[in-house]
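**Student:** generate a structure from the sequence data that follows.
(2 chains)
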2 protein chains.
Amino acid sequence: MNEIKIFCPATIANVSCGFDVLGVALDAVGDEMTVRKTPEKGIRITKLEGQDLPTATLKNVAGVAGLALLEKSDYDGGFEMEIYKKIKAGSGIGSSAASSAGAVWAMNELLGKPFTTQELVKFAMEGERLASGVAHADNVAPALFGGFTLVRSCAPLDIIPIPSPRELYATIIHPQIEVKTSDSRKILKTNITLKEGIQQWGNVGGLVAGLFTDDYELIGRSLVDHIVEPIRSILIPAFDKVKSKAVASGALGCGISGSGPSIFAFSKGEEIAEKVAQAMREVYQNIGIDYEIHVSKINPLGIKILE
Amino acid sequence: MNEIKIFCPATIANVSCGFDVLGVALDAVGDEMTVRKTPEKGIRITKLEGQDLPTATLKNVAGVAGLALLEKSDYDGGFEMEIYKKIKAGSGIGSSAASSAGAVWAMNELLGKPFTTQELVKFAMEGERLASGVAHADNVAPALFGGFTLVRSCAPLDIIPIPSPRELYATIIHPQIEVKTSDSRKILKTNITLKEGIQQWGNVGGLVAGLFTDDYELIGRSLVDHIVEPIRSILIPAFDKVKSKAVASGALGCGISGSGPSIFAFSKGEEIAEKVAQAMREVYQNIGIDYEIHVSKINPLGIKILE
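**Tutor:** Sure, this is the predicted structure:
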């Protein structure tokens, strides 16, 4: 096999209480990539459609992640990549992660899978470092593993896949304003109270338990973030209103996707997730803010081959 | 049924990363109580053996917890209680919780179970308030529910039972010095760094996932506490040495039980748990500190009726 065409899912990182540790892969929104082997060494981005992003290898997250893999590989050739972006950069649903993770996943397939998924996460994290200045794994891990993932530890890297109930749907609304991950990190406090910490790890434990036991109510009760959401939500137009309308429409819980500005809500079943979408949509329509909206099942596989 | 004799298990609270939220019930060590209905109203502690503790109803945790239940009950009579303490007060393995939880569990049985287990936890927490000044649930919850419990939230109270692998054993060593929970709380910092918080909730998520999936290695990797253990361990003689010897003898992980001074270790299987006990014992023998030691399976039921 010399060429592969793949779907690279959007992902929700943090998931309310799970700041910097939890993430989940989506089904209904993601990029496409075509990756092919070349006798020529190195990585070349030969096409990049859908977003205005650099194609120079060292300035593109897929290029940088790919080079990290090549460095550990004994493969003698290189790769060409065509990237068809459907996920907007700066949307908060893992645009850079989709490209970083997609690049290394496709390369690994074409090389006969010499690397483990956890190793691929490490390579993809180099793309995240380029995008945001921090080599975080909370988007690339769910993109590569699928479903929910817990990054228990970054050093050493320890990623735990977490199952999720079948009827869990995500609704994601993306107000068309840009919030850079790097800016969104800057406004975080470096200290929290022990009390806030206890609430947060109680909720992380509750969310993980709820995902294991298909307990939708527990998942909902655990989707609470007293630490990051109160600060970051200030950068998101009408966040409180979108959240309250989503919950009033039946969502289990609602929070900031990644560093925003996208807002996610989880619901039990597609019908409620669509109602939640309608409620979120109305908030932005009423105040005249452009948006994109997605309703998606959880994607248990992550990146997958197309055709 | 007018009288009941019960076993009230010792419990390990906090369980390393799960400060103030996680706890687990033990099998090999616990108090016994006999509780009987009386036509006379109120609660009387008619016997208290094994520890030098007050028997006046309002000064005894069982009395106070019992009164909290009576206040919500339409029962017209009262109860007499005999308490046979096997768990030393101030040991850090839930001595007060065993009495508080035992009292309300037995009363509920004798009244025909009008209250849910979660309601019993609330009553028992009043005993904890008397003992330590804080109405915490991390010992009474596992005593009443059995197994591991997660106190996701205290207000409103939300307790999540967590399963655990069959071969999980605890070794607990209790150096014979007294550390009061109230003193041990005073030395805690009120602020932590966000980075420490992230590590902690990553580990709580990992521990819960490990318990659900019988992944002993993951349980071990998650038994880490960067926040409380470095501070509280100062009050425990030779903590670092006991811990390193326990882990070197095959323990999955090791930490402070509750607020100390007891130290717990988890192991896969009884044989390793006994080896760990031997290693811990040697540390205290070499430095001439008296100790008690227990090796116990996890107790999946919590409080139980004795013939």
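**Student:** contacts, neighbours, all on C-alpha from now
**Tutor:** Will do.
**Student:** check contacts around the residue sitting furthest away from the middle of chain A.
**Tutor:** Distance from the C-alpha centroid of chain A peaks at residue A:39, with 32.5 Å (Cα atoms, centre = their mean). Residues near residue A:39 by Cα atoms under 8 Å, 6 or more residues apart in numbering or on different chains: A:76, A:77, A:78.
**Student:** any idea of the pLDDT on residue A:155?
**Tutor:** Looking at residue A:155, its pLDDT reads 89.
**Student:** next: residue A:180.
**Tutor:** Looking at residue A:180, its pLDDT is 68.
**Student:** residues of the stretch 201-307 of chain A that sit close to chain B?
**Tutor:** A:201, A:202, A:203, A:204, A:205, A:206, A:208, A:209, A:212, A:222 (Cα under 8 Å from any Cα of the partner chain).
**Student:** check the residue in the stretch 1-150 of chain A that chain B sits nearest to and give its pLDDT.
**Tutor:** Chain B sits closest to residue A:21 of the stretch 1-150 of chain A, with a gap of 5.9 Å, by Cα to the nearest Cα. On pLDDT, residue A:21 comes in at 97.
**Student:** excluding chain neighbours, what is closest to it?
**Tutor:** residue A:151 (4.6 Å; Cα to Cα, 6 or more residues apart in numbering or on different chains).
**Student:** residues in contact with whichever strand or helix holds the one you found?
**Tutor:** Element membership of residue A:151, judged by DSSP states H and E, is strand A:148-154. Contacts with strand A:148-154, where a contact means Cα under 8 Å, 6+ apart, come from A:20-25, A:136-138, A:141-142, A:157-164, A:300, B:199, B:202-203, B:205-206, B:222.
**Student:** stretch A:99-119 now?
**Tutor:** With Cα under 8 Å, 6+ apart as the test, stretch A:99-119 has contacts from A:1-4, A:6-8, A:31, A:33, A:35-37, A:61-66, A:69, A:75, A:79, A:81, A:83, A:120-121, A:123-128, A:140, A:143-145, A:157-159, A:303.
**Student:** let's go with 6 Å and repeat that
**Tutor:** A:8, A:61, A:62, A:65, A:66, A:124, A:127, A:140 (Cα atoms under 6 Å, 6 or more residues apart in numbering or on different chains).
**Student:** the second one: neighbouring residues, count only.
**Tutor:** For residue A:61, the tally of surrounding residues (other Cα atoms under 10 Å in any protein chain shown) stands at 30.
**Student:** any idea how far residue A:171 is from residue A:85?
**Tutor:** Plainly put, residue A:85 is 20 Å away from residue A:171 if you go by Cα to Cα, to the nearest Å.
**Student:** same check, this time on residue A:126
**Tutor:** Using Cα to Cα, one gets 29 Å for the distance from residue A:126 to residue A:171.
**Student:** go on, residue A:19?
**Tutor:** Per Cα to Cα, residue A:19 is found 19 Å from residue A:171.
**Student:** and these two? which has more neighbours close in?
**Tutor:** residue A:171 (27 against 24).
**Student:** tell me the bridge partners for that one.
**Tutor:** For residue A:171, the beta-bridge partners under DSSP bridges are residue A:265, residue A:295.
**Student:** right, and it touches residue A:297 too?
**Tutor:** No: using Cα atoms under 6 Å, residue A:171 is not in contact with residue A:297; the gap is 8.9 Å.
**Student:** neighbours around residue A:130, how many?
**Tutor:** If you count neighbours by other Cα under 10 Å, residue A:130 ends up with 18.
**Student:** tell me the pLDDT of it.
**Tutor:** 94.
**Student:** confidence score at the residue nearest to it when sequence neighbours are not counted?
**Tutor:** Of all residues beyond its chain neighbours, the one nearest residue A:130 is residue A:61 (6.3 Å), with distances taken as Cα to Cα, 6+ apart. On pLDDT, residue A:61 comes in at 97.
**Student:** ok, residue A:61 to residue A:118 distance?
**Tutor:** Using Cα to Cα, we find residue A:61 at a distance of 18 Å from residue A:118.
**Student:** what's the answer for residue A:266, then?
**Tutor:** Remark: distance between residue A:266 and residue A:118 (Cα to Cα) = 27 Å.
**Student:** who has more neighbours out of these two?
**Tutor:** residue A:266 (30 against 16).
**Student:** list the contacts of the more buried one.
**Tutor:** Residue A:266 touches A:169, A:170, A:251, A:252, A:253, counting by Cα under 6 Å, 6+ apart.
**Student:** so what's it closest to, chain neighbours aside?
**Tutor:** residue A:170 (4.6 Å).
**Student:** ok, residue A:80 next?
**Tutor:** Closest to residue A:80 by Cα to Cα, 6+ apart is residue A:44, at 4.8 Å.
**Student:** what about that neighbour, how many neighbours?
**Tutor:** Residue A:44 has 22 neighbouring residues, counting by other Cα under 10 Å.
**Student:** now for the helix or strand it falls within, which elements pack on it?
**Tutor:** Secondary structure from DSSP H and E places residue A:44 in strand A:42-49. In terms of contacts (3 or more Cα pairs under 6 Å, 6 or more residues apart in numbering or on different chains; DSSP states H and E), strand A:42-49 is packed against strand A:78-84.
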